[in-house]
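Undergrad: Please find the sequence and the predicted model below.
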Amino acid sequence: MKLIKTLFLILLVAPVTPILAGDAEQAQMAQILMNLNHYPGGQEKATLEALANDASLSDSERTIASALAGVEHYPAASDKEKLMAIARSNGEDQQVRELARILHGLEHRVSAEDKTLLSTIVSAQD
């Protein structure tokens, strides 16, 4: 019985583990995206531009930061193509893919369902 409970807990937690793994920069982007109201504010935009120019981040993370910095109600068409490529990439971790997917589908605000996922990314850093 103890083995069954242990296996059940592993199966319950395993699908969430990649999202909880996160790093600080991804959590920053998730926080900004979660609270976004049509476009990023001045401080948020400065943070995103700094992330977009941070050589220690992956190309995909910098692309997401840049696209998010440029949002005006929704991402630019040229950014949407890049975001979809990231979201569909098997070479990216799940958290990066989710950020790209959510940003790609953004229209004015993030959905309640996506806010829940973003809050999971943010809370993984607390």
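TA: Cool, got the structure. Source: prediction; values computed, not measured. Numbering: from 1, shown residues only.

Undergrad: Let me know the distance separating Tyr39 from Gly91.
TA: 30 Å (C-beta to C-beta, to the nearest Å). Any C-beta I mention is one placed from the backbone N, CA and C, and that applies to glycine too.

Undergrad: neighbour count winner among these two?
TA: More neighbours surround Tyr39 than the other of Tyr39 and Gly91, with 15 against 9 (other C-beta atoms under 10 Å).

Undergrad: okay but the more buried one is in contact with Tyr74, surely?
TA: No - taking contacts as C-beta atoms under 8 Å, Tyr39 lies outside contact range of Tyr74: 9.6 Å.

Undergrad: ok, Thr47 - how many residues close by?
TA: Count around Thr47 with other C-beta under 10 Å applied: 20.

Undergrad: So for the helix or strand where it lies, mean pLDDT?
TA: Using DSSP states H and E, Thr47 sits within helix 42-52. For helix 42-52, the mean pLDDT works out to 96.

Undergrad: Stretch 96-108 now?
TA: 94.

Undergrad: what comes up buried for that stretch?
TA: Val96, Arg97, Glu98, Leu99, Ala100, Arg101, Ile102, Leu103, His104, Gly105, Leu106 (16 or more other C-beta atoms under 10 Å).

Undergrad: what separates it from the chain centre, distance-wise?
TA: How far stretch 96-108 lies from its chain's middle: 7 Å, per C-alpha atoms, centre = their mean, to the nearest Å.

Undergrad: Then stretch 113-124?
TA: With C-alpha atoms, centre = their mean, you get 9 Å for stretch 113-124.

Undergrad: Cheers, nothing more for now.
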